[in-house]
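> model this:
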Amino acid sequence: MLYNWLKIAFINYKKNRLSTLINLFGMTIGLTGFMLILMHWNDEESYEKWNPEKDRIYFFQSYFQKEKSYGSSIPYPFARRAAETIPEVDDFVVLNNTAAAYQITSTHGKAYQRNGYFASDRFFRFFPFRLVSGSYANPLRNAYDIAISSETANNIFGKTEVAGERLRLDHRDFIITAVYELPRENTQIRPDFVINPVESINIAKDQWGNFSYLCFFMLKKGTGPEVFEKKFKDIITARAKAVSGKAGLTPQQYIDTYGPASCLLTPLDQMNLHAKATWFSSPDFKTIFILFILSLLIVLLSAINFINLKTAQASQRAKETGIRKAIGSSRFLLAMQFLTETFIICLASYILSLALTELLLPAFNSFFNKKMVFHDWPIYFYSFDMIIFITLISGLAPALYLSGFKAIETLKGNFTRSRQGTWLRNGILTLQLIISSFFIIGALIVHQQVHYMMNKDLGFNGKQILQINFSDYSHKRPWTKYERLKTEMLKISGVEAVSYGEAVPGSSSYNFTNMMYKDKSFNAQNGAMDYNYLRFIGVPLLKGRWLSPERASDTISNVMVNEAFVKKFGWTDEEALRKEFLTGFDGKKPYHIVGIVKDHNIRGLNTEIEPVIFFHYLETPWVRSNVNNIQLKINADDMEGTLNRIRTYWQDHAEPGYPIQSCFVDKEFAKTFETYRKQQTLFTILNALVLLVALLGLFALSSLIIGQKLKEVAIRKTLGASDGDLIFGLTKQFLMITLAAVLLSMPVSYYLMNEWLKDFAYRIDMPVFPFAVSLISLMALTFAVVGIKARQAAKVNLVKYLKYE
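Take a look at the predicted model:
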């Protein structure tokens with residue numbers, strides 16, 4: 001029986017070569033996309049799975065009610081109070097730097113290491129990397145203790161057995177207590193070395209408003225995060241009640257002003273994709289989920305093609321079905337036969353998709369900057385499950401439809417009188433075209449939004465501005481280092497101007513301070529700068545004046561602000577220039593606004609422009625100690641020569657022995673668009689694949705349906721119908737289905753794409769153009785594809801089809 005089924009199946013595959021190839025192509029493409037996106041998702045979910053304590057470790061995020069946003073930091077006193085007063089907390093660890101970079105030297109050699117962590121002494125209980133040398137018994141107890149990775153050990157010593165050796169960082173001596181090997185598995189925690197910032201933590205023990213620490217909590221077994229979150233809120237409330245009176249605020253006002261209002265714990269192994277805020281990367285679960293759904297839609301399109309083509313081929317299988325039923329075959333066996341034929345096509349597509357996935361994987365890895373390999377069993381398991389699912393959804397409907405033919409009717413040739421198959425084909429074709437229309441509309445809206453972002457006036461000019469970040473932090477007075485370099489680098493041929501700014505567009509480093517005026521308060525981004533910085537990057541002055549080196553007060557209490565700052569306090573520009581306010585710098589010294597500048601984007605166009613306070617870097621001691629870059633405006637005439645001269649000077653005189661870390665400001669800001677440019681590229685590729693699969697299916701379906709109408713065409717032509725009338729008559733049904741599908745897709749597309757646009761603070765209005773293009777293009781493509789077969793049908797040989805009539 002099975003042999004006969006297979007024999008019949010391959011006879012039908014050969015008989016219907018075109019539809020067989022289209023089914024194979026569509027399912028192969030759909031399954032390949034599904035497997036690639038599934039691998040991407042699986043890779044993103046695999047972070048921190050190596051950690052044996054992952055089920056008890058949670059990443060802490062603060063929630064700020066006034067801003068309605070999450071932050072990834074916590075003041076150290078809050079973390080310590082939670083560990084001391086919440087019984088369900090087993091342990092905690094804090095970090096306040098995950099990108100420390102130093103030139104590390106020893107008697108054996110030296111190396112520049114970038115990814116240093118400043119972490120409290122319990123770090124290795126939370127992240128137990130494989131120990132290579134030394135001991136994990138209090139490896140970070142003292143301020144002079146350091147643990148290094150095996151890669152760092154090899155870079156410096158050429159070996160890993162180096163516990164007890166001495167190192168020198170930032171003019172300080174350290175003793176290596178442990179050498180560890182970073183896991184090969186995916187992890188965001190990859191320190192080149194770890195130091196305990198004992199002095200900083202001691203200072204921060206009473207700084208309840210210093211949100212400078214990232215924190216992980218380890219909960220006792222059997223404890224859920226909601227228990228901690230409830231009790232942490234009690235700590236916040238108790239703290240607010242104790243100190244709000246001194247600030248002249250109610251407890252709720254104190255919480256709204258200084259935060260946090262509550263917290264969120266995210267399991268360690270979900271931090272990469274599902275955290276609300278994190279130091280390490282931007283969680284992007286939404287994009288991955290959208291890509292996964294789109295890959296499923298392509299699979300669904302290929303299944304729709306299969307259903308349509310199978311039901312359209314019903315006339316070819318009707319007599320076969322009638323004869324088999326007449327000689328005693330049951331409907332169940334007939335359905336199983338047709339499902340087997342479907343499964344063979346799906347299995348062949350699966351094998352082809354495995355090969356295609358392996359072929360495309362290097363390009364896919366390059367696109368997402370990954371190193372995935374095709375060996376995870378869940379990918380094979382879930383993709384084969386998809387084969388079974390496709391077999392059922394694409395094979396069951398045709399199988400039930402074909403096996404349901406009545407033997408007597410089909411043997412008489414009357415099976416076509418039932419409208420069941422026609423309604424099924426038309427309904428499924430409509431669904432296919434709805435999906436195609438959505439992809440066209442979505443791709444055009446994504447393109448327009450990305451184009452809008454790329455061409456929007458950003459409020460600054462970062463072209464030809466080279467930012468060089470300091471790598472050598474050994475200088476005790478970094479602001480004097482900047483001032484010396486400013487004087488010397490202005491002498492380099494091709495350098496037109498030099499400046500310094502903390503709030504650099506496109507930078508991932510942000511510092512905020514609380515602003516207070518009477519009963520109003522909010523957080524504003526710090527914008528420490530040199531006098532000329534705002535003019536240096538081309539930000540327009542709207543009101544008042546620039547900061548000037550000729551006015552002593554401009555380094556004491558005078559500041560400039562942006563438009564968002566003024567709006568946040570509810571002032572007019574004139575009022576702002578007359579007001580004084582307090583800051584979180586010390587809470588005592590009043591500051592005076594002397595100038596208001598035009599809003600300009602710093603973070604990116606997916607976030608609203610935030611209030612920024614611009615002040616000279618000498619205004620506060622802790623700010624001038626954090627001067628960490630110098631920015632150069634380069635003449636466009638000899639860019640390459642000037643860059644070479646800058647590199648030579650930097651490596652010979654500015655920071656000998658350190659690599660130069662530089663970037664152009666405009667290119668760095670452009671990286672904030674990278675995610676959306678990738679979405680645009682993916683949408684374009686998926687759109688092309690969807691249209692290709694849909695149009696091939698439409699071509700094959702129209703070929704079968706028009707082929708069944710050739711006798712009707714011959715009769716109409718004999719009665720005098722013109723070629724134009726015949727072509728229009730044959731294409732009219734498909735054009736009406738296309739029109740209905742596009743109209744049905746419009747409200748769905750509008751809702752889904754409007755939800756996508758909500759991620760952008762600065763976005764286009766929902767355009768009409770993509771909807772019109774979708775309608776016109778699909779109607780035109782449908783007419784073109786179906787018209788090819790219709791034109792061939794209009795040239796039918798009358799004698800061939802009417803000679804027996």
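> Tell me where the stretch 251-400 of the chain has helices.
All helices of the stretch 251-400 of the chain, identified by DSSP state H, counting those that start in this stretch, fall at 251-258, 271-274, 285-312, 314-326, 331-368, 377-403.
> Kindly provide the whole-number mean pLDDT of the first one.
The predicted model gives helix 251-258 an average pLDDT of 83.
> helices and strands around it, which ones?
helix 225-243, strand 512-517 (3 or more CB pairs under 8 Å, 6 or more residues apart in numbering; DSSP states H and E). No exception for glycine: its C-beta is placed from N, CA and C like everyone else's.
> from the chain's centre, how far out does it sit?
Centroid separation for helix 251-258 versus its chain: 33 Å, with CA atoms, centre = their mean, to the nearest Å.
> thinking again about what came up before, if you average pLDDT over each of the helices and strands packed on helix 251-258, which is lowest?
Among the helices and strands packed on helix 251-258, strand 512-517 scores lowest, with a mean of 82.
> hey, C-alpha coordinates of it in CSV?
Below are the C-alpha coordinates for strand 512-517, written out as CSV (Å, rounded to 0.1, in the frame of the first residue of the first chain):
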residue,chain,number,x,y,z
PHE,A,512,22.2,63.0,35.7
THR,A,513,21.7,65.4,38.5
ASN,A,514,18.5,66.5,40.3
MET,A,515,17.3,70.1,39.6
MET,A,516,15.1,71.9,42.2
TYR,A,517,13.1,75.1,42.2
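> Tell me which residues of the helix or strand that it is followed by come out buried.
As assigned by DSSP states H and E, the chain's next helix or strand after strand 512-517 is strand 520-529. The neighbour-count check on strand 520-529 (16 or more other CB atoms under 10 Å) flags S521, F522, N523, A524, Q525, N526, G527, A528, M529 as buried.
> And for stretch 77-88?
For stretch 77-88, by 16+ other CB under 10 Å, it's P77, F78, A79, R80, R81, A82, A83, I86, E88.
> can I get the CA coordinates of it in PDB?
Output of stretch 77-88 as PDB, limited to C-alpha atoms (Å, rounded to 0.1, in the frame of the first residue of the first chain):
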ATOM      1  CA  PRO A  77      23.000  52.200  50.900                       C
ATOM      2  CA  PHE A  78      19.700  50.800  49.500                       C
ATOM      3  CA  ALA A  79      21.500  47.600  48.400                       C
ATOM      4  CA  ARG A  80      23.100  47.100  51.800                       C
ATOM      5  CA  ARG A  81      19.800  47.900  53.600                       C
ATOM      6  CA  ALA A  82      17.900  45.300  51.500                       C
ATOM      7  CA  ALA A  83      20.500  42.600  52.200                       C
ATOM      8  CA  GLU A  84      20.400  43.400  56.000                       C
ATOM      9  CA  THR A  85      16.600  43.700  56.400                       C
ATOM     10  CA  ILE A  86      15.000  41.300  53.900                       C
ATOM     11  CA  PRO A  87      15.400  37.800  55.200                       C
ATOM     12  CA  GLU A  88      14.900  36.200  51.800                       C
END
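> Return the distance of it from the chain's centre.
Centre-to-centre, stretch 77-88 and its host chain are 34 Å apart (CA atoms, centre = their mean).
> which residues make contact with it from outside it?
Residues outside stretch 77-88 that contact it (CB atoms under 8 Å, 6 or more residues apart in numbering): 60, 89, 91-92, 94, 204-208, 213, 215, 217, 219-220, 223, 227-228, 231-232, 235-236, 239, 260.
> now with 6 Å?
Contact with stretch 77-88 is made by V89, F92, V94, W208, C215, L219, K220, T223, V227, K231, F232, I235, as judged by CB atoms under 6 Å, 6 or more residues apart in numbering.
> Pull out the buried residues from those residues.
V89, F92, V94, C215, L219, T223, V227, F232, I235.
> ok, which pair from these is furthest apart?
For those, the maximum inter-member distance is 21.0 Å, found between V94 and V227 (CB to CB).
> coming back round to it: any chance of the helices and strands packed on helix 251-258 in a markdown table, plus distance to W41?
As requested, these are exported to a markdown table (distance: least, CB to CB, whole Å):
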| stretch | distance to W41 |
| --- | --- |
| helix 225-243 | 23 |
| strand 512-517 | 34 |
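> Quick check: which of the ones you listed is nearest to P621?
P621 sits nearest to strand 512-517 of all the helices and strands packed on helix 251-258, at 14.3 Å, using CB to CB.
> The closest one vs helix 251-258, what angle?
Here strand 512-517 runs at an angle of 130 degrees relative to helix 251-258 (axes from the mean of the first three to the mean of the last three CA atoms, to 10 degrees).
> For strand 512-517, give me every contacting residue.
Residues from elsewhere that reach strand 512-517 (CB under 6 Å, 6+ apart): S521, F522, N523, A524, Q525, N526, F569, F581, L582, T583, G584.
> go on, stretch 261-279?
With CB under 6 Å, 6+ apart as the test, stretch 261-279 has contacts from 44, 47-49, 54, 57-59, 61-63, 65, 70-72, 98, 214, 225, 228-229, 232-233, 255, 283, 285.
> swap the cut-off to 7 Å and go again
44-45, 47-49, 51, 54, 57-65, 70-72, 98, 188, 214, 217, 225, 228-229, 232-233, 255, 281, 283, 285 (CB atoms under 7 Å, 6 or more residues apart in numbering).
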